[in-house]
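Undergrad: Task: produce atomic coordinates for the following.
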Amino acid sequence: MRNVLLYTDEDGMWVAECPSLPGCNSGGKTRDEAISNIRDAISLWIEDAQAHGEAIPDDTPVEVLKLAV
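TA: From the prediction side, this is the model:
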């Protein structure tokens, strides 16, 4: 299990990021597509790290705040 940030960008595209795996992000036209794509990205990130003998970071807690500005 990994924490994932999921949000829409300025163009309305869905963005998915896995903060505990540097550079592991994906996106999609729909929320479901972005979730499917980030699942694949996480699997590939971990597979690549293992293939190169690199450490796989532990998952990190994510805190989300909604602030009125």
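Undergrad: the strands in the chain, which residues?
TA: 5-8, 14-17, 25-28 (DSSP state E).
Undergrad: I'd like to know which of these lies nearest to residue 48.
TA: strand 25-28 (14.5 Å; Cβ to Cβ). C-beta: built from backbone N, CA, C; applies to glycine.
Undergrad: Direction included, what does the closest one pair against?
TA: Strand 25-28 pairs in its sheet with strand 14-17 (antiparallel), by DSSP bridges.
Undergrad: give me the number of residues near the closest residue to residue 3 other than its chain neighbours?
TA: Spatial nearest neighbour of residue 3, chain neighbours left out: residue 62 (4.3 Å); criterion: Cβ to Cβ, 6 or more residues apart in numbering. Neighbour count for residue 62, taken as other Cβ atoms under 10 Å: 13.
Undergrad: picking that back up, of all the strands of the chain, which lies closest to residue 68?
TA: Taking the strands of the chain one by one with Cβ to Cβ, strand 5-8 is closest: 17.2 Å.
Undergrad: Report the distance from the closest one to the chain centre.
TA: 9 Å (Cα atoms, centre = their mean, to the nearest Å).
Undergrad: Residues in contact with it: which ones?
TA: 14-19, 31, 34-35, 38, 62, 64 (Cβ atoms under 8 Å, 6 or more residues apart in numbering).
Undergrad: For these, pick the one with the most neighbours.
TA: Of those, with other Cβ under 10 Å as the count, residue 38 tops at 25 neighbours.
Undergrad: got a list of what that residue touches?
TA: Residue 38 neighbours (Cβ under 8 Å, 6+ apart): 4, 6, 16-18, 24-26.
Undergrad: Recalculate using a threshold of 7 Å.
TA: By Cβ atoms under 7 Å, 6 or more residues apart in numbering, residue 38 lies in contact with 4, 16, 18, 26.
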